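Engineer: Sequence first, predicted coordinates after that:
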Amino acid sequence: MRAHTVFKSLFVALLAFSPASGAAQGLTHVPTANTKVLGVARPNVLSVELAEVIRAQGSMALENPQEWAAFYGYNNDQPQRPFLPPLGSNVEAMKTEPDKNTYLVLQGQRGADPSYDYGTHFLFQGHEAGNGGKGYITRINLDADVGHRVTLMANRDVLGNPLPVFDGSTWYPWAHRLLFTKEAGNAGGVWQATLDVPSIVEDVSGVFGRGGYEGIQADSDGNLWIVEDVGGTTVNNARQPNSFIYRFVPYDRSDLKAGGKLQVLTVKSKAHAGDIVFNGTPAVDILSQDVRDLHTYGLVFDTRWITIYDTAVSGTTTPFDANALAKGKGTPFKRPENGMFRPGTHFGEFYFTETGDTNADSVAGRDFGGFGGLFKVSQRRPSDDTGSLTLFFLGDLAHTAFDNLAFLTEDLLVAVEDRGDSLHGQAQAGSVLDSGWLFDVRLDYSKSPNQPIRILAQGRDASATIDSGLLGTQGFQNDGDNEITGIHVSDGDPTPRGILGAKKPRPFQGKWRVFYTQQHGDNITYEIIADPAAFTSDDRDGDDRDHGDHHRSDRD
């Protein structure tokens, strides 16, 4: 059976996925998550219609190593694996944790080898960890051989400073810059990078401010929506809401350094006359009526954007503390991580995740957002100053700790978990590893029996299994269990028409591709494809003549 026919069969099935038909015509539900067992590695399990292909992994050597950046997913400070008994060492290289994926189809890209054709398909990533807090930016050359597969874009900025570790990334086509975010409170911020090798990287936090920035996405007007993750004070295993949703309105889309306005999202309270802002004690905020209302199905909240910093007024590009300026003006959430515009809404719907407390013993429980959720901001136009907010999905112990998300189609949303080692091991949460969930945004998840579909039960590779056993031992510098991150669906269009949310995705068909990264352990970045073994000759439509463009290379 031809590959493009397999892709078409799966895509048609996804389009047929509807509130009435459920999983029967979409992707098959993976019935159980992988369990965490001491010393036991687990394979990843995907819906039977899907398969995954390794595009890069931690031990791959960079084609142009520099200083601490020598491998895709490891620093070169120590051996890549601990020396097991009889030496009994827990010493191993710092794992760099490639994070958010950004896919682009580009012409004329060069690398370290001037005589090599690097192709046209590229995946860019910042790295979330690094020895001494030193990070770097890499490019996976998807058309290249293994010797040229991963290129170091940069490990220092234009001033010669080591790059920080990065979390989020996106492509901003109006300025022709990659944008990377650092999730580190008042030491975080935004950096912009050119597509050159070596890339010219600049810290532009004097314009965007410093915050625990993670998710960053552009709308069709060129505004940048930023999702912050800053954990607040913890009381009885519950965190005080302390993170904000921002919108940056640039003065010149072709030059972000020209400045603009940073705004924070504010939600009007249902419990009192005024906005939901917290100035009280953490224990009171965590169990407030406002927090309970935010995590209640069916309530519609009025929203507005408030400008908290304007470079035209300040007259300076000195970095400022965005989180501090947002307090008392914006509405804080419980560790939101990433956001995405729903395709087909003209950037009128923005969904964002809330991770919650990542602790089964959180005093907040489900009703006060202890297990996180998914929210939707609705506006008539992306630059409007007012809109509404609703709860789309309320997390529970079976579906919690939502992190990255991506629209698979205009109606199907994928959200992946980041439970962390502690929650993985809690028996009351099932002692399970992370899952990737498929939601239908047309469904009302407050009503039974509507439930999301598990399309990925994350496993645990051998390296992460060893690390999990070493976690907490003196001097050990890495995380343990694997984590799902960087779920990404794109056709790679580098023009403003190609920003995420501008087109209706058509996964597994034509130019559309799906990626995610399995952080920690072996640090593998996968491409998810339609599994040919799941489709038989009975699926052939009998007429391939109309589908010739589905297998045509973008280089033709």
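Structural biologist: Ah, there it is.
Engineer: Could you use CA atoms for every contact and neighbour count after this?
Structural biologist: Fine.
Engineer: how many neighbours does His346 have?
Structural biologist: Close neighbours of His346, defined as other CA atoms under 10 Å, add up to 17.
Engineer: Model confidence for it, exactly?
Structural biologist: For His346, the pLDDT comes out at 98.
Engineer: Tell me who's in contact with Pro343.
Structural biologist: Phe407, Thr409, Glu410, Leu500, Gly501, Ala502, Lys503, Lys504, Pro505 (CA atoms under 8 Å, 6 or more residues apart in numbering).
Engineer: Correction: the previous question concerned Leu27.
Structural biologist: Contacts for Leu27 (CA under 8 Å, 6+ apart) come out as Ala13, Leu14, Ser47, Val48, Glu49, Ile453, Ile455.
Engineer: Tell me where the chain has helices.
Structural biologist: For the chain, the helices defined by DSSP state H occupy 3-16, 205-208, 282-286, 289-294, 311-314, 322-326, 420-424, 462-470.
Engineer: Buried only: go through the contacts of Leu27 for me.
Structural biologist: For those, a burial check counting by 16 or more other CA atoms under 10 Å picks out Ala13, Leu14, Ser47, Val48, Glu49, Ile453, Ile455.
Engineer: export the residues you listed to a markdown table and tack on pLDDT and distance to Gly420?
Structural biologist: Output for the buried ones among the contacts of Leu27, formatted as a markdown table (pLDDT from 0 to 100; distance: CA to CA, whole Å):
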| residue | pLDDT | distance to Gly420 |
| --- | --- | --- |
| Ala13 | 71 | 33 |
| Leu14 | 74 | 30 |
| Ser47 | 97 | 23 |
| Val48 | 96 | 26 |
| Glu49 | 95 | 28 |
| Ile453 | 97 | 21 |
| Ile455 | 98 | 19 |
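Engineer: Closest one to Ala175 out of the residues you listed, please.
Structural biologist: Nearest to Ala175 among the buried ones among the contacts of Leu27: Leu14, at 34.7 Å, using CA to CA.
Engineer: The closest one and Leu413: what is the separation?
Structural biologist: Using CA to CA, to the nearest Å, Leu14 is found at 12 Å from Leu413.
Engineer: How about Arg42?
Structural biologist: Distance of Arg42 to Leu413, computed by CA to CA: 26 Å.
Engineer: again with Pro343
Structural biologist: According to CA to CA, Pro343 stands 10 Å off from Leu413.
Engineer: burial count for Gln263?
Structural biologist: By other CA under 10 Å, the residues close to Gln263 number 27.
Engineer: my guess is it contacts Thr307, does it?
Structural biologist: Yes - between Gln263 and Thr307 there is a contact under CA atoms under 8 Å: 4.1 Å.
Engineer: now the end-to-end length of stretch 62-81.
Structural biologist: Note: stretch 62-81 ends 18 Å apart using CA to CA.
Engineer: residues of it that come out buried?
Structural biologist: If you call a residue buried by 16+ other CA under 10 Å, then stretch 62-81 has these buried ones: 62-65, 68-77, 80.
Engineer: contacting residues around that stretch?
Structural biologist: 56-61, 91-98, 112, 130-131, 134, 136, 138, 147-152, 155, 463, 522-523.
Engineer: Return the mean pLDDT over that stretch, rounded to an integer.
Structural biologist: Stretch 62-81 carries an average pLDDT of 95.
Engineer: Show the buried residues in the contacts of Pro343.
Structural biologist: For the contacts of Pro343, a burial check counting by 16+ other CA under 10 Å picks out Phe407, Thr409, Glu410, Leu500, Gly501, Ala502, Lys503, Lys504, Pro505.
Engineer: Those in strands, which ones?
Structural biologist: Using DSSP state E, Phe407 are the members of the buried ones among the contacts of Pro343 that sit in strands.
Engineer: okay, the buried ones among the contacts of Pro343 in JSON lines with pLDDT and distance to Phe515 next?
Structural biologist: Putting those into JSON lines (pLDDT from 0 to 100; distance: CA to CA, whole Å) gives the following:
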{"residue": "Phe407", "pLDDT": "98", "distance to Phe515": "12"}
{"residue": "Thr409", "pLDDT": "96", "distance to Phe515": "14"}
{"residue": "Glu410", "pLDDT": "97", "distance to Phe515": "17"}
{"residue": "Leu500", "pLDDT": "98", "distance to Phe515": "14"}
{"residue": "Gly501", "pLDDT": "98", "distance to Phe515": "16"}
{"residue": "Ala502", "pLDDT": "98", "distance to Phe515": "19"}
{"residue": "Lys503", "pLDDT": "97", "distance to Phe515": "17"}
{"residue": "Lys504", "pLDDT": "97", "distance to Phe515": "17"}
{"residue": "Pro505", "pLDDT": "97", "distance to Phe515": "13"}
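Engineer: which of the contacts of Leu27 lies closest to Phe375?
Structural biologist: Comparing the contacts of Leu27 against Phe375 with CA to CA places Ile453 closest, at 18.1 Å.
Engineer: Would you confirm that that closest one contacts Asp440?
Structural biologist: No - assessed by CA under 8 Å, Ile453 is found out of contact with Asp440, at 9.2 Å.
Engineer: What ranges in the stretch 151-300 of the chain fall below the confidence cut-off?
Structural biologist: For the stretch 151-300 of the chain, no stretch has pLDDT under 70.
Engineer: ranges for the strands of it?
Structural biologist: Using DSSP state E, counting those that start in this stretch, the strands of the stretch 151-300 of the chain run over 169-172, 177-182, 189-193, 201-203, 213-218, 224-228, 234-235, 238-239, 245-250, 260-267, 300-310.
Engineer: same for the last one, what does it pack against?
Structural biologist: Applying 3 or more CA pairs under 8 Å, 6 or more residues apart in numbering; DSSP states H and E, one finds that strand 300-310 contacts strand 260-267, helix 322-326, strand 386-394.
Engineer: Okay, now the sheet partners of the first one, with direction.
Structural biologist: Right, the one you point to is strand 260-267. Neighbouring strands of strand 260-267 in its sheet, by DSSP bridges, are strand 245-250 (antiparallel), strand 300-310 (antiparallel).
Engineer: so can I have CSV of those strands showing mean neighbour count and distance to Ile216?
Structural biologist: Putting those into CSV (neighbours: other CA atoms under 10 Å; distance: least, CA to CA, whole Å) gives the following:
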stretch, mean neighbour count, distance to Ile216
strand 245-250, 24, 9
strand 300-310, 19, 17
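Engineer: In TSV: the ones you listed, plus distance to Asp396.
Structural biologist: Written out in TSV, the entries for those read as follows (distance: least, CA to CA, whole Å):
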stretch	distance to Asp396
strand 245-250	23
strand 300-310	21
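Engineer: okay, now Asn279: neighbour count?
Structural biologist: For Asn279, using other CA under 10 Å, the count is 10.
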